[in-house]
Structure formats: structure tokens, C-alpha cells
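K.L.:
Here is a sequence together with a model predicted from it:
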Amino acid sequence: MNQKTRADGLIDLDTTDVDRWIGKPLGGARLIEPIAKNDLRRWAQGMANPNPLYYDEDFATESRFGRMVAPQSFGVCTDTSHGAGPAIQGVIPGQHMIFGGDEWWFFGGRIEVGDVINHDRMLFDYKVAETKFAGPTMFSRGDTTYINQHGQVLCKQRSTSVRYLAENARKLGMFKDNVPRTWTDQELEDLEKAKLEYYQSFNDLGHGKRLFVKVGDELPTRPIGPHSIATFTTEWRAYLMTVWGASREFGESSTLEAGWLPEMSRDKEGAKIDPTNADGLYKGPSRGHVQTRYAQLIGMPREYGYGASMGAWILDYLTNWCGEWGTIVHSNMQYRAPAFSGDVTYLNGEVVALDHDTAAGPIAAVKVVMTNQDDVVMAQGQAEVELPAP
């Protein structure tokens, strides 16, 4: 690889090996077990989403579905790389990656108990730009299409991976002054009240229809946090790929050999004796999410959250609002800043347009903004949500 040090002391990216992967059908890993009810419950729990539709069988039986179905956010849980694998192709030595955004298209079907989900994967494109975080940075987009055992295409995800050199990020030290927030007992009590108010908003809707929506309507604020090693670990264990032996490799993909630092790589041979060696969280690319020393190795100040979870929070936020009679048809969100341990995340939304000229119900365009307690924008974008006809 041809990596050169620039005049400013940063190292340039060599993307030579990435080019050969563009437009090439990819393999990877797939889950080997059908989706089970407790997979849905664990997902709702891990994403801090106590909507009874996804964990209470009695409530779900009384719904329009008549049974437990997965939330629209669950698709990413059926993939073995958060849907980001296609965007992490080609070797860039010394690289790490964070999520830069997700665009989703949904085609009407829901993932259900007993389903086996397959995936079509392909690297779509990439560009290199300068960032304050890591200097020369690659923004690569990869597509994952989610298909059930009947051949039905359920949804498609275009994930953006932000690939950068960890050494550059450490030199720039963008987050060096970021320290954990200390919350008072009163602040924590107020936060819990705000959470309950948000949960009550979708419980009040129950099995009803979201009707009489107008431009300018604001969605209820959704608070999440404070984030901690415990919450990040709970999120990680909600992803089915993290269960030992849950998936098998097939086909060709370079995601696991993308140029990760030795400290962030998986030991496949060692995992044959001790699976923690390739677990991802104990040893592997995700260990920085829950271990400060490895977070700092890749340019973060301390433990931080998963981009895939941020995406799930947004999709759950939208579906909780529209209710079981509504559905997201498209969502395009860009991620701007991580959720660090000690932070609280807030989601806010507003209906910015309505299209009544559709064969089904009206389509609401909803602008979503995700911020932390200091009003730092963590994510933002727009989604189109199909609402029920009166």
C-alpha cells in the first residue's frame, strides 16, 4: 500500500484496494437460525423501546397484525455487520470506521417470527474528503437488501461508512476536551419523567390510527440515556450476530480484513477455542464502545454508542409516532456526532409536508433531529411515513 505522510504530518489514504470491490456482489456472514419471539423482545429491550407491540404477546395479538411482528428497525439486527459490511471493502492499513448515515427503503412486508433473512450486498461508491476529526477521510456507501425465505424483498439499506486512519484522529484530538457530564439527582428524576411522558404518547395511541396530521405538527420528544457501558453492552447483545455460533461465512468479502489495527482485529483461530477472541466487543472492532483505552486508540475520548443503534432509535421514533397502522416508506439520515457515555440523547421531529395524492393513505414528510444535552446535533434527516386513510 502507498501511504504517504503529508506536509501537515497527517497520513494520506491509499484507496487502491477499495476500487476493485465497487459493484461486485459480496458475501459475508448470515444468521443460521430463524427469527424467534425472544429476538424481537431482546431488540426492543436493547434499543430502549418499551412499545408493547414488540414484547407483549397479548397486546400484539390484539393489534392489526394479530401476532408479534418485528419493528421496522429490526432489519439491521438480522445482518451480521449492522448493514455496514458492503461499505467496508478493500484494505486500508491502520483504518477504523464509524457510521456516517443510513438511507432505508421499505417495501411493505414485515419481518416475522420464523423468518430466515438473506442479504444481497454490494459496495456502491465512495469519496475522500478532509474532516476535522481525521484529516483525509473516506465516505463509502454500501447497499444491503433484506430478503425473506419466500424471496420477498422487505427493505434496502444504503449505509455510509466513515473510514479513517486512527493515527490521524489521535494526532488531531478533536474530542480531547470532551468530558463526561455529571447529572444531579433532580436532573435524573426529571429525565425519567420525560421518558415516561414519551412512552405514554404511544401507549395512548394504542391500536388506534394516527389521523388528522397537519404540516407543523411536532412529534413528542424522545429522551434516551444517560448512556453508559451498561447501556452500550445491552445494545450490543441485542444484535443477533453477537451470539456465539449464530452466523456462518459465505462468499467473498473483505470487511474482516479491512486494515483494522491489531488491537481492534478478530482472532479467528483463537476463537475456535475461546469465542471471545472474535466476539467484536471483548476483542475486535467494537471494543472501543465499552473500553476507554481502545476508544482513545481510535480517536474517541471514552466509550461511545453504535451508529446502527442511532439509526434504530430514529426508525423506532417514527414508527412509535405513526402507530401500527402507519409505516415508514423511506428514511435518509446523516450521523454527525457519537453518543458518548454520560450523554443523554434527544429526538425531535416535525411534519414538514403532506402528500394526499397517493393510492393508500397520506404521506407525511417528517424532519428528525437528534441532539445531546448540549444541543450538539448527532443526527438529522428526513423520512416519508405513510399514514392510514381515515
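P.N.:
Yep, that arrived. Residues are numbered from 1 along each chain as shown.
K.L.:
When you work out contacts or count neighbours from here on, use the C-alpha atoms and nothing else.
P.N.:
OK.
K.L.:
Do you have the strands of this protein handy? List them.
P.N.:
25-26, 28-31, 95-106, 118-131, 135-147, 153-165, 222-224, 247-250, 327-335, 345-355, 363-372, 377-386 (DSSP state E).
K.L.:
Next, count neighbours for the closest residue to Ala278 other than its chain neighbours.
P.N.:
What sits nearest to Ala278 in space, not counting adjacent residues and going by CA to CA, 6 or more residues apart in numbering, is Arg266, at 4.5 Å. Neighbourhood size, Arg266 [other CA atoms under 10 Å]: 23.
K.L.:
what pLDDT does Arg266 get?
P.N.:
With respect to pLDDT, Arg266 scores 90.
K.L.:
Run a quick check on it versus Lys283, I expect a contact.
P.N.:
Yes: Arg266 is within contact range of Lys283, at 6.2 Å (criterion: CA atoms under 8 Å).
K.L.:
Identify the contacts common to these two.
P.N.:
Shared contacts of Arg266 and Lys283, defined by CA atoms under 8 Å, 6 or more residues apart in numbering, are found at Asn277.
K.L.:
re earlier: can you list the strands of the chain in JSON lines and add mean neighbour count?
P.N.:
Output for the strands of the chain, formatted as JSON lines (neighbours: other CA atoms under 10 Å):
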{"stretch": "strand 25-26", "mean neighbour count": "18"}
{"stretch": "strand 28-31", "mean neighbour count": "21"}
{"stretch": "strand 95-106", "mean neighbour count": "22"}
{"stretch": "strand 118-131", "mean neighbour count": "18"}
{"stretch": "strand 135-147", "mean neighbour count": "23"}
{"stretch": "strand 153-165", "mean neighbour count": "25"}
{"stretch": "strand 222-224", "mean neighbour count": "22"}
{"stretch": "strand 247-250", "mean neighbour count": "13"}
{"stretch": "strand 327-335", "mean neighbour count": "21"}
{"stretch": "strand 345-355", "mean neighbour count": "19"}
{"stretch": "strand 363-372", "mean neighbour count": "22"}
{"stretch": "strand 377-386", "mean neighbour count": "21"}
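K.L.:
out of those, nearest to Asp58?
P.N.:
Asp58 lies closest to strand 327-335 among those, at 21.7 Å (CA to CA).
K.L.:
Next up, the contacts around the residue nearest to Ala278.
P.N.:
256, 277-280, 283-285.
K.L.:
hmm, 7 Å instead?
P.N.:
Arg266 makes contacts with 277-278, 280, 283-284, as judged by CA atoms under 7 Å, 6 or more residues apart in numbering.
K.L.:
From Ala339, how far out is it?
P.N.:
When distance is defined by CA to CA, to the nearest Å, Arg266 is 24 Å away from Ala339.
K.L.:
picking that back up, tabulate the strands of the chain (CSV), appending mean pLDDT.
P.N.:
Formatted as CSV, these follow (pLDDT from 0 to 100):
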stretch, mean pLDDT
strand 25-26, 94
strand 28-31, 92
strand 95-106, 96
strand 118-131, 96
strand 135-147, 97
strand 153-165, 97
strand 222-224, 98
strand 247-250, 90
strand 327-335, 98
strand 345-355, 97
strand 363-372, 98
strand 377-386, 98
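K.L.:
Including distance to Asp316, could these go into a markdown table?
P.N.:
Shown next, in a markdown table, are the strands of the chain (distance: least, CA to CA, whole Å):
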| stretch | distance to Asp316 |
| --- | --- |
| strand 25-26 | 29 |
| strand 28-31 | 23 |
| strand 95-106 | 13 |
| strand 118-131 | 22 |
| strand 135-147 | 18 |
| strand 153-165 | 15 |
| strand 222-224 | 10 |
| strand 247-250 | 25 |
| strand 327-335 | 10 |
| strand 345-355 | 11 |
| strand 363-372 | 12 |
| strand 377-386 | 12 |
